[in-house]
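>>> the following comprises the amino acid sequence and a computationally predicted model.
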Amino acid sequence: MRSPPSIYEYHAHIHSPDAADKHIGDTLAIEVEFESHTGEPVHHINVRIFNKSTNTEVYNKPDEAHVHDTGGAYTFEDHFILSAANGLTEGDWILEAKVWGDEDGLEETTERVEFHVHN
(Lines give C-alpha, C1' and ligand atoms only; values in the text may rest on other atoms or scores of the structure.)
Protein backbone atom coordinates (compact mmCIF):
# COMPACT_ATOMS: atom_id res chain seq x y z
CA MET A 1 0.00 0.00 0.00
CA ARG A 2 1.41 3.39 -0.97
CA SER A 3 1.53 6.30 1.42
CA PRO A 4 -0.56 9.32 0.50
CA PRO A 5 1.46 12.19 -0.96
CA SER A 6 2.87 14.66 1.54
CA ILE A 7 0.96 17.92 1.82
CA TYR A 8 3.34 19.74 4.13
CA GLU A 9 6.82 18.21 3.83
CA TYR A 10 7.62 19.60 7.27
CA HIS A 11 11.13 20.01 8.60
CA ALA A 12 12.45 21.27 11.93
CA HIS A 13 15.91 22.82 11.68
CA ILE A 14 17.59 23.19 15.09
CA HIS A 15 20.01 26.11 14.73
CA SER A 16 20.73 26.32 18.46
CA PRO A 17 21.71 24.64 20.71
CA ASP A 18 24.38 22.45 19.21
CA ALA A 19 25.78 19.18 20.54
CA ALA A 20 28.72 20.82 22.36
CA ASP A 21 29.02 20.26 26.11
CA LYS A 22 27.26 22.76 28.36
CA HIS A 23 27.62 23.70 32.04
CA ILE A 24 25.20 24.34 34.90
CA GLY A 25 24.72 28.11 34.93
CA ASP A 26 24.92 28.51 31.14
CA THR A 27 22.10 30.20 29.28
CA LEU A 28 20.93 27.99 26.45
CA ALA A 29 19.91 29.91 23.35
CA ILE A 30 17.13 28.04 21.55
CA GLU A 31 16.44 28.70 17.87
CA VAL A 32 14.42 26.30 15.75
CA GLU A 33 13.12 27.00 12.26
CA PHE A 34 10.02 25.03 11.37
CA GLU A 35 9.10 24.97 7.71
CA SER A 36 6.89 23.42 5.12
CA HIS A 37 8.86 22.69 1.95
CA THR A 38 5.59 22.95 0.00
CA GLY A 39 4.82 26.43 1.36
CA GLU A 40 1.83 25.23 3.41
CA PRO A 41 1.10 26.72 6.85
CA VAL A 42 3.09 25.61 9.88
CA HIS A 43 0.18 24.55 12.08
CA HIS A 44 1.61 23.11 15.33
CA ILE A 45 5.05 23.09 16.97
CA ASN A 46 6.62 21.89 20.19
CA VAL A 47 10.10 22.26 21.67
CA ARG A 48 11.07 20.34 24.76
CA ILE A 49 14.19 19.43 26.74
CA PHE A 50 14.38 16.17 28.64
CA ASN A 51 16.94 13.94 30.34
CA LYS A 52 18.10 11.18 28.02
CA SER A 53 18.16 8.43 30.65
CA THR A 54 15.24 9.39 32.94
CA ASN A 55 12.96 11.22 30.44
CA THR A 56 12.56 13.97 33.07
CA GLU A 57 11.23 16.98 31.18
CA VAL A 58 12.51 20.44 32.18
CA TYR A 59 11.28 22.54 29.24
CA ASN A 60 8.14 22.35 27.08
CA LYS A 61 7.13 25.32 24.89
CA PRO A 62 5.27 27.09 23.45
CA ASP A 63 2.35 27.08 25.87
CA GLU A 64 -0.02 26.90 22.87
CA ALA A 65 1.23 24.48 20.18
CA HIS A 66 -1.05 25.92 17.49
CA VAL A 67 0.95 28.69 15.79
CA HIS A 68 -0.61 28.50 12.29
CA ASP A 69 1.97 30.56 10.45
CA THR A 70 0.71 30.96 6.89
CA GLY A 71 4.07 31.90 5.37
CA GLY A 72 5.37 28.33 5.27
CA ALA A 73 7.99 28.93 7.98
CA TYR A 74 7.99 29.74 11.68
CA THR A 75 11.01 30.49 13.86
CA PHE A 76 10.85 29.70 17.57
CA GLU A 77 13.38 31.49 19.79
CA ASP A 78 13.85 31.42 23.55
CA HIS A 79 16.50 31.30 26.28
CA PHE A 80 16.67 28.73 29.08
CA ILE A 81 19.03 28.81 32.05
CA LEU A 82 20.64 25.47 32.78
CA SER A 83 20.20 25.46 36.54
CA ALA A 84 19.17 23.18 39.37
CA ALA A 85 16.25 25.56 39.98
CA ASN A 86 15.02 24.66 36.47
CA GLY A 87 15.45 20.92 37.12
CA LEU A 88 18.80 20.46 35.38
CA THR A 89 21.44 18.10 36.69
CA GLU A 90 24.70 16.88 35.26
CA GLY A 91 24.03 14.36 32.51
CA ASP A 92 22.88 13.85 28.94
CA TRP A 93 19.96 15.93 27.70
CA ILE A 94 17.94 16.09 24.49
CA LEU A 95 16.30 19.08 22.85
CA GLU A 96 13.46 17.79 20.68
CA ALA A 97 11.66 19.93 18.08
CA LYS A 98 8.40 18.67 16.60
CA VAL A 99 6.09 20.04 13.91
CA TRP A 100 2.75 18.68 12.64
CA GLY A 101 -0.27 19.60 10.56
CA ASP A 102 -3.76 20.79 11.41
CA GLU A 103 -4.67 17.44 13.03
CA ASP A 104 -2.76 15.75 15.85
CA GLY A 105 0.14 13.77 14.41
CA LEU A 106 -0.56 14.70 10.77
CA GLU A 107 2.78 14.50 8.92
CA GLU A 108 4.56 14.90 12.25
CA THR A 109 8.31 15.42 11.96
CA THR A 110 10.76 15.39 14.85
CA GLU A 111 14.39 16.49 15.07
CA ARG A 112 16.69 16.14 18.07
CA VAL A 113 20.01 17.38 19.33
CA GLU A 114 21.77 15.74 22.29
CA PHE A 115 24.15 17.55 24.62
CA HIS A 116 25.92 16.88 27.90
CA VAL A 117 25.64 19.19 30.92
CA HIS A 118 28.53 19.39 33.41
CA ASN A 119 28.44 20.80 36.93
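Cool, the structure landed. Numbers count the residues shown, from 1 in each chain.
>>> check contacts around Ile94.
Ile49, Phe50, Asn51, Lys52, Arg112, Val113, Glu114 (Cβ atoms under 8 Å, 6 or more residues apart in numbering). The C-beta positions use only the backbone N, C-alpha and C, and glycine is treated the same way.
>>> element containing it?
Here Ile94 sits within strand 91-100, counting by DSSP states H and E.
>>> what are the pairing partners of that strand, and which direction each?
Paired with strand 91-100 in the same sheet, following DSSP bridges, are strand 42-51 (antiparallel), strand 109-118 (antiparallel).
>>> most tightly packed of those?
strand 42-51 (a mean of 21; mean count of other Cβ atoms under 10 Å).
>>> gap between that one and the chain center?
Distance of strand 42-51 from the chain centroid (Cα atoms, centre = their mean, to the nearest Å) equals 4 Å.
>>> what sits up against it?
In contact with strand 42-51 (Cβ under 8 Å, 6+ apart) are residues 10, 12, 28, 30, 32, 34-36, 56-62, 65-69, 72-74, 76, 78, 80, 89, 91-102, 106.
>>> what sits against the residue nearest in space to the middle of the chain?
Centroid-nearest residue in the chain: Ala97, 2.0 Å away (criterion: Cα atoms, centre = their mean). When contacts are counted by Cβ under 8 Å, 6+ apart, Ala97 touches Ala12, Ile14, Val32, Phe34, Ile45, Asn46, Val47, Phe76, Thr110, Glu111, Arg112.
>>> out of the residues you listed, who's nearest Ala84?
Val47 (21.3 Å; Cβ to Cβ).
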